[in-house]
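Enquirer: need coordinates for the following:
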Amino acid sequence: MKLNRDNGKRFFSKPFYALVTVFTLLLTAHQGGDANANDAAFGGSGATVYAVKENRVRMEKEVVLIRYNHQAAGPRGDWLKKWLADCTFTFINLTDKPVDVQMGFPDTQVLGEEFGLPGGKPPVWASSDFKVWVNGDPAPSAHKDVEPLSGLEIAMPKDRRAPLHYPGAYIWQVHFEPKERITVSNSYAFGGGTTVQAINELMRDKTSNPLPTKPVFWEKSRPKRCEWDFGNSAYSWVDYIVTTGLTWAGPIGEADIAIEIPPYMFPHLLLPAPGGFTMQGGFVRWHFKQWRPKSEVALFILIPVPQSDCEELYDTRPPLFDTLQQAETWVGTARAHRFDRYTVSLIRNAYLAKYGHRFNDEKLQDFFEHQHWYKAKPEMDLKAIPAKDQHIITLLEQLENSLE
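Expert: Prediction:
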């Protein structure tokens, strides 16, 4: 990945996927120059790991909680640990026989200098502090290299192929008795990513997976002079890879996935993927049943940019809707996805904060005091707010009053 720098800030030019569901693996055990039949059949060498499809075991349920690591996100924090994940999976052996499965958690690499480490350092693994439990008991795991699928194409039956493009994986062993249910839990840290690529470029790239859910509020409007150019915004992201769950038999029975919203973040700058999400209680949440995922789960976070000749917007105006049409589009999304009242109230109150309103609600006051553009005034005449912003406030208030 190429490192881009802008005003001393580090960004990444391409997304990397740091979060994945567990999947099945086949470990080869080739020693020296001789290989037994299994080694030859699966084309392995050394201590490499292959992804295979496991038709004897089904993933009945997965519960995933991704939290923002406040300590790691500070100026002296470890950005490789910006996010913390806790995942719990319930599996069932579908057969009447014992089954031994080698499970794995895929991992990828990032260049050390992209995270501010000294130049010339070798790549580092994206995931860290990885732990695994089986039925509540700690289980040993090992980090292995992953062999690409191409080496298996001839020898492996078509229904057992699972093309997963990751250079490494944590692996561990699980034994199932006939018809047994087993709970597997993982926890780990990772960094997410940030890029200077414009969000509109990502959305035009039909090969990207995932893509933000449409409609996006700015797509039908062109920014005028000294307005926010949302389509050209850079963005960061946090993602969770779910298509690896297809390596198990049948669909995933049930999945609950939640990503914590970073602190002091405006909700309209959050673009979840795929659809079917809601935004409540400080989290973006998804719930699926009998699920065969076609795309990954992600939360894209806009880093707004103004028109190129109006950089003073950074210090003087919040990145809010510039037109009523933008607000109406976002209100439609919020209503369709059952956002909660507090989520909507943050944007409505931002229009008051824009003109210096001081809030009696301590939570709201704290939120806006962490916005660099906010300058509270001893007194503020609400009637002085321009008509355009008044219309947007009324629209958001109507939505807020209709929500739980």
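
Enquirer: so where do the helices sit in this protein?
Expert: 37-42, 199-204, 313-316, 324-336, 341-353, 362-369, 387-401 (DSSP state H).

Enquirer: which of those sits closest to C226?
Expert: Proximity to C226, assessed across the helices of the chain by Cβ to Cβ, is greatest for helix 313-316 (6.6 Å). The way it works is simple: take the backbone N, C-alpha and C, and place the C-beta from them, glycine included.

Enquirer: now that closest one, how far from the centre of its chain.
Expert: 28 Å (Cα atoms, centre = their mean, to the nearest Å).

Enquirer: pLDDT value on the spatially closest residue to S295 that is not a sequence neighbour, please?
Expert: For S295, ignoring the flanking residues on the chain, the nearest one in space by Cβ to Cβ, 6 or more residues apart in numbering is P210 at 4.3 Å. pLDDT for P210: 82.

Enquirer: phi and psi next, for P210.
Expert: phi -90, psi 180 (degrees, to the nearest 10).

Enquirer: ok, K224 to C310 distance?
Expert: 10 Å (Cβ to Cβ, to the nearest Å).

Enquirer: more crowded one of the two?
Expert: More neighbours surround C310 than the other of K224 and C310, with 17 against 10 (other Cβ atoms under 10 Å).

Enquirer: residues near the spatially closest residue to the more buried one that is not a sequence neighbour, how many?
Expert: Leaving aside its chain neighbours, C310 sits nearest to C226 (3.9 Å; criterion: Cβ to Cβ, 6+ apart). C226: 15 surrounding residues under other Cβ under 10 Å.

Enquirer: check the offset of stretch 279-287 from the chain's centre.
Expert: Distance of stretch 279-287 from the chain centroid (Cα atoms, centre = their mean) equals 13 Å.

Enquirer: avg pLDDT for that stretch?
Expert: For stretch 279-287, the mean per-residue pLDDT is 96.

Enquirer: buried residues, that stretch. List them.
Expert: Residues of stretch 279-287 classed as buried: M279, Q280, F283, V284, R285, W286 (neighbour count, 16 or more other Cβ atoms under 10 Å).

Enquirer: of those, which is the nearest to L271?
Expert: L271 has its nearest neighbour among the buried residues of stretch 279-287 in V284, at 9.8 Å by Cβ to Cβ.

Enquirer: where's that closest one relative to I259, distance?
Expert: Going from V284 to I259 by Cβ to Cβ gives 5 Å.

Enquirer: same check on W83?
Expert: Per Cβ to Cβ, W83 is found 8 Å from I259.

Enquirer: okay, and the common contacts of the two?
Expert: By Cβ atoms under 8 Å, 6 or more residues apart in numbering, W83 and I259 have these common neighbours: I66, V238.

Enquirer: can you tell me the closest non-neighbouring residue to the spatially most central residue of the chain?
Expert: The geometric centre of the chain, computed from its C-alpha atoms, lies nearest to D239 (Cα atoms, centre = their mean), at 2.1 Å. Once flanking residues are discounted, D239 sits nearest to A298: 3.8 Å by Cβ to Cβ, 6+ apart.

Enquirer: repeat for A376
Expert: That would be R358: by Cβ to Cβ, 6+ apart, it lies 4.6 Å from A376.

Enquirer: isn't the one you found up against K375?
Expert: No - at 10.4 Å, R358 and K375 do not qualify as touching, with contact defined as Cβ atoms under 8 Å.

Enquirer: give me the more crowded residue out of these two.
Expert: Ranked by neighbour count (other Cβ under 10 Å), R358 and K375 place R358 first, with 16 against 13.

Enquirer: so what's the more buried one up against?
Expert: Counted by Cβ under 8 Å, 6+ apart, R358 has contacts Q365, A376, K377, P378, M380.

Enquirer: please indicate which of those residues has the highest neighbour count?
Expert: Going by other Cβ under 10 Å, Q365 tops the contacts of R358 with 17 neighbours.

Enquirer: contacting residues for that one?
Expert: R358, F359.

Enquirer: quick check: K131 vs A139, distance?
Expert: Distance from K131 to A139, by Cβ to Cβ: 9 Å.

Enquirer: equivalent analysis for E379, please.
Expert: E379 sits at a distance of 62 Å from A139 (criterion: Cβ to Cβ).

Enquirer: between the two, point out the one with more neighbours.
Expert: A count of neighbours by other Cβ under 10 Å puts A139 above the other of E379 and A139, at 15 against 7.

Enquirer: doesn't F130 make contact with the more buried one?
Expert: No - counting by Cβ under 8 Å, A139 does not reach F130; the two are 11.3 Å apart.

Enquirer: which residues touch the residue lying closest to L313 once chain neighbours are set aside?
Expert: Spatially, and ignoring its direct neighbours in sequence, L313 is nearest to P306 (3.8 Å; Cβ to Cβ, 6+ apart). Taking Cβ under 8 Å, 6+ apart, we find P306 in contact with C226, E227, W228, D229, E312, L313, Y314.

Enquirer: number of residues surrounding the fifth one?
Expert: What it means is E312. Using other Cβ under 10 Å, E312 has 10 neighbouring residues.

Enquirer: please apply the same query to the third one.
Expert: Counted with other Cβ under 10 Å, residues neighbouring W228 total 23.

Enquirer: ok, now which ones touch Q173?
Expert: Applying Cβ under 8 Å, 6+ apart, we find Q173 in contact with D100, V101, Q102, M103, A139.

Enquirer: what about 6 Å?
Expert: Going by Cβ atoms under 6 Å, 6 or more residues apart in numbering, Q173 touches Q102.

Enquirer: repeat that for H370.
Expert: Counting by Cβ under 6 Å, 6+ apart, H370 touches Y264.

Enquirer: separation between it and L94?
Expert: Relative to L94, H370 is positioned 51 Å away (Cβ to Cβ).

Enquirer: start and end of stretch 244-253, how far apart?
Expert: The first residue of stretch 244-253 is 14 Å away from its last residue (Cα to Cα, to the nearest Å).

Enquirer: try stretch 193-212
Expert: 15 Å.

Enquirer: mind listing what's buried in it?
Expert: Neighbour counts over stretch 193-212 (16+ other Cβ under 10 Å) mark 193-200, 202-203, 209-212 as buried.

Enquirer: adding distance to S345, write these out as CSV.
Expert: Shown next, in CSV, are the buried residues of stretch 193-212 (distance: Cβ to Cβ, whole Å):
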residue, distance to S345
G193, 30
T194, 28
T195, 30
V196, 32
Q197, 32
A198, 30
I199, 25
N200, 29
L202, 29
M203, 28
N209, 33
P210, 28
L211, 29
P212, 23
